[in-house]
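> Generate a structure from the sequence data that follows.
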Amino acid sequence: MSDDHYITSEDPDHPANLIPSLCAKFWTLGWVTGTGGGCSIRNDDLVYIAPSGVQKELMKNTDIYVLALSKQTDLKNRVYLRSPPCGRPSQCTPLFLAAFTKRGAGCCIHTHSHWAVLVTLLLEAQGPGKDKLFEINNIEQIKGFGKGFQKQGNLGYHDTLRIPVIENTAHEEDLTEFLEEAMDQHPDTYAVLVRRHGVYVWGDNVHKAKTMCESLDYLFQLAVEMKQLGIPWLSDIPVTVPTSRR
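Numbers count the residues shown, from 1 in each chain. Modelled structure (predicted):
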């Protein structure tokens, strides 16, 4: 049987069809321009991965790579069930796999959002010791994030969202150990910022990963504009309770 059976489906929600569709949408947001960024979806043991070095808005299902998590014994020498005749697998692959193996994620998205990059630069400008963590609270969009790995429910409006920042490397796959280290140090995070590069966001499924990625990009833009206006990202405001509940 041809290995194309992994990507053959009329279902628009099949990973091989959904990844090109999502990346085309991400391109319109400026997240995956210039062939950068990408997306990967896990379906049980199978992992579907966007290729590297292709125009993400023009990607087809026949461009998708497929591997089985259970067959991976060496992350530097990955075994693929399906490899397109042209191209190469995403350089983000080991980082996607980290989200799947360490967090049981169903989808991981990597963007080169300029808002994400600007936030890392604003943090960098604060100096050593203040540049490794993005924090913001008392903003409605925070409610789009889960409370953490294996925890029920989402954060609340008054909660503080914390996203760790790791330093960029010359080669993307070299980021893997730093991403995993950030996951260990911040077990409740669903994202990791990469200085002067972008952000990785993961979720239990495509819907949750996409929702958090969109919410995060909104918050990054808001944070940049707040900084321009001299408004702090962290605030201490009273909880408003309706008279009927006092």
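> which residues sit in contact with the closest residue to residue 71 other than its chain neighbours?
Counting by C-beta to C-beta, 6 or more residues apart in numbering, residue 71 lies nearest to residue 79, which is 4.9 Å off, once chain neighbours are set aside. C-beta here means a position set from N, CA and C on the backbone, and glycine is covered the same way. Under the criterion of C-beta atoms under 8 Å, 6 or more residues apart in numbering, the contact partners of residue 79 comprise 67-68, 71-72.
> do that again at 10 Å, thanks
Taking C-beta atoms under 10 Å, 6 or more residues apart in numbering, we find residue 79 in contact with 67-68, 71-73.
> What is the least confident helix or strand in the protein?
Here the helix or strand of the chain ranked lowest by mean pLDDT, DSSP states H and E is strand 88-89, holding a mean of 86.
> Off-centre distance for that strand?
The chain centroid and the centroid of strand 88-89 are separated by 19 Å under C-alpha atoms, centre = their mean, to the nearest Å.
> need the contact list for the residue nearest the centre of the chain.
By C-alpha atoms, centre = their mean, the mean C-alpha position of the chain lies nearest to residue 201, the distance being 1.8 Å. Applying C-beta under 10 Å, 6+ apart to residue 201 gives the contacts 99, 105, 107-111, 116, 145, 163, 189-193, 208-217.
> Would you mind measuring from it to residue 193?
As judged by C-beta to C-beta, to the nearest Å, residue 201 and residue 193 stand 10 Å apart.
> how about the strands in the protein?
Across the chain, reading from the start of the chain, the strands by DSSP state E fall at 38-43, 46-49, 51-52, 65-68, 80-82, 88-89, 107-111, 133-137, 160-166, 191-194, 198-203.
> measure the nearest residue to residue 204 once chain neighbours are set aside to residue 38 for me?
Nearest residue to residue 204 in three dimensions, chain neighbours excluded: residue 106, at 5.3 Å (C-beta to C-beta, 6+ apart). Using C-beta to C-beta, one gets 16 Å for the distance from residue 106 to residue 38.
> Which of the two has more residues huddled nearby?
Ranked by neighbour count (other C-beta atoms under 10 Å), residue 106 and residue 38 place residue 38 first, with 30 against 21.
> Tell me how many other residues surround the closest residue to residue 115 other than its chain neighbours.
Leaving out its chain neighbours, the residue that sits closest to residue 115 by C-beta to C-beta, 6+ apart is residue 220, at 3.7 Å. Neighbourhood size, residue 220 [other C-beta under 10 Å]: 24.
> rewinding a little: narrow the contacts of residue 201 to those that are buried.
Neighbour counting over the contacts of residue 201 (16 or more other C-beta atoms under 10 Å) leaves 99, 105, 107-111, 116, 145, 163, 189-193, 208-217 as the buried ones.
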